[in-house]
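*Asks:* Here's my sequence, what's the structure:
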Amino acid sequence: MNNRFNGLLDSARLWARQPAAWISTQSISARGVLTAAQSLLSLLGIAALVMACAMVAHPELATDLAQALRGAPPAPQQVVVAPPLSELMEAPAVRPAGLVIATAETQLAAEDKDLVGSKKQQDAVTNWLSKRYRVAGDATNMLVSTAYLTAREIKLDPLLILAVMAIESGLNPFAESPMGAQGLMQVMSKVHTDKFQDMGGVQAALNPVANIRVGALILKDYVAKGGSVEAGLKSYVGAAAFETDDGYGSRVLAEYSRLKQVSAGKKVPYITPPQQVASSAPAPAKPKEAPATVAQADKQISADQLAGL
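*Replies:* Residues are numbered from 1 along each chain as shown. Sure thing, here's the model as predicted:
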């Protein structure tokens with residue numbers, strides 16, 4: 001009898017402890033769920049903060065998100081295409097009426113053929129200048145083409161224009177000297193404002209097309225007034241009132257001679273050897289001495305040959 005009673009008592013005690021254990025287990029589970037919920041909410045908050053920052057930095061994302069929520073198709077993105085190099089280098093004003101663009105169909109006069117040259121010659125000059133002065137081929141091609149077209153218009157040797165351009169700026173269209181000379185031909189735009197009038201004004205001084213044209217016109221005027229290419233170059237560099245031009249004319253004529261050889265199909269090194277640079281330096285000043293040895297090497301370049309005057 002006592003044994004049965006003790007068994008019932010143990011069963012009652014066990015049954016009484018089960019709810020406490022169950023409640024304790026449920027309490028632990030609830031804490032886990034609450035912790036997981038808090039973590040999830042933290043992640044959602046961080047994601048929302050990142051999204052808000054992205055929308056502030058890129059407003060178009062907010063528009064795209066709103067359209068996506070409304071079910072509207074996303075707006076097509078505009079593709080930005082860089083303009084052709086020829087458009088970037090066009091003069092700001094309309095080309096003067098006298099400037100004729102050479103094409104395959106253009107009938108050239110006999111005296112213009114030497115000034116315009118053949119495509120093979122222009123390509124050879126372009127390639128050589130591009131490598132010598134480390135300028136992109138497309139950009140160099142535009143500069144060479146502009147020089148040839150300008151030369152045909154004003155009747156001046158294009159290789160002389162390119163030689164001056166090379167020595168003055170190294171084919172840098174944005175070059176500017178401490179004295180204010182600007183662009184490829186280092187033109188003093190404040191002095192020659194009249195020549196920029198039909199090219200959009202002096203603000204076009206750094207425009208390659210306008211700068212080449214104005215510089216070539218100035219050079220031709222100086223050659224005509226001086227009576228020789230050497231005298232014209234001396235005036236161009238601003239040394240007309242001085243006894244010497246510090247070798248400027250010799251350097252230009254040396255580069256002209258190289259371009260002449262390149263145009264004729266000869267192989268000319270891109271880097272000038274030191275001894276050749278030394279040989280192009282001006283000789284000691286003497287009365288009535290022949291000009292530069294470089295000019296003599298080309299059978300004495302005359303003003304008529306270079307300027308077409």
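
*Asks:* Against residue 185, how distant is residue 122?
*Replies:* Plainly put, residue 122 is 19 Å away from residue 185 if you go by C-beta to C-beta, to the nearest Å. Where you see a C-beta, it was placed from the backbone N, CA and C, and this is true even at glycine.

*Asks:* neighbour-wise, which of these two wins?
*Replies:* residue 185 (26 against 18; other C-beta atoms under 10 Å).

*Asks:* who are the neighbours in contact with that one?
*Replies:* Residue 185 is in contact with 161, 164-165, 168-169, 211-212, 214-216, 218-219, counting by C-beta atoms under 8 Å, 6 or more residues apart in numbering.

*Asks:* Kindly recompute the last result at 7 Å.
*Replies:* By C-beta atoms under 7 Å, 6 or more residues apart in numbering, the contact set of residue 185 is 164-165, 168, 211-212, 215.

*Asks:* ok, now residue 236?
*Replies:* 218-219, 222.

*Asks:* How about residue 145?
*Replies:* residue 122.

*Asks:* host element of it?
*Replies:* Assessed by DSSP states H and E, residue 145 sits inside helix 137-154.

*Asks:* what angle do the very next helix or strand once past that helix and helix 137-154 make?
*Replies:* For helix 137-154, the succeeding helix or strand toward the C-terminus, using DSSP H and E, is helix 158-169. Relative orientation of helix 158-169 versus helix 137-154 (axes from the mean of the first three to the mean of the last three C-alpha atoms, to 10 degrees): 120 degrees.

*Asks:* contacts for helix 158-169?
*Replies:* Contacts to helix 158-169, defined as C-beta under 7 Å, 6+ apart, come from residues 115, 117, 125, 129, 133, 144, 147-148, 150-151, 171, 175, 183-186, 212, 216, 219, 251-252, 255-256, 259-260, 263, 306.

*Asks:* Please repeat the previous calculation with a cut-off of 8 Å.
*Replies:* 115-117, 125, 129, 132-133, 143-144, 147-148, 150-152, 171, 175, 181, 183-186, 212, 215-216, 219, 229, 233, 236, 248, 251-253, 255-256, 259-260, 263, 306-307.

*Asks:* Mark which of those residues are part of helices, please.
*Replies:* Taking DSSP state H, the ones among these that sit in helices are 115-116, 125, 129, 132-133, 143-144, 147-148, 150-152, 212, 215-216, 219, 229, 233, 236, 248, 251-253, 255-256, 259-260, 263, 306-307.

*Asks:* now the stretch 201-309 of the chain, which segments are flagged as low pLDDT?
*Replies:* For the stretch 201-309 of the chain, applying pLDDT under 70 flags the ranges 274-309.

*Asks:* okay but residue 253 is in contact with residue 229, surely?
*Replies:* Yes: judged on C-beta atoms under 8 Å, residue 253 makes contact with residue 229 at a distance of 7.4 Å.

*Asks:* Take the contacts of residue 236 and write them to JSON lines, including distance to residue 205 and neighbour count.
*Replies:* Shown next, in JSON lines, are the contacts of residue 236 (distance: C-beta to C-beta, whole Å; neighbours: other C-beta atoms under 10 Å):
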{"residue": "218", "distance to residue 205": "12", "neighbour count": "20"}
{"residue": "219", "distance to residue 205": "16", "neighbour count": "25"}
{"residue": "222", "distance to residue 205": "18", "neighbour count": "19"}
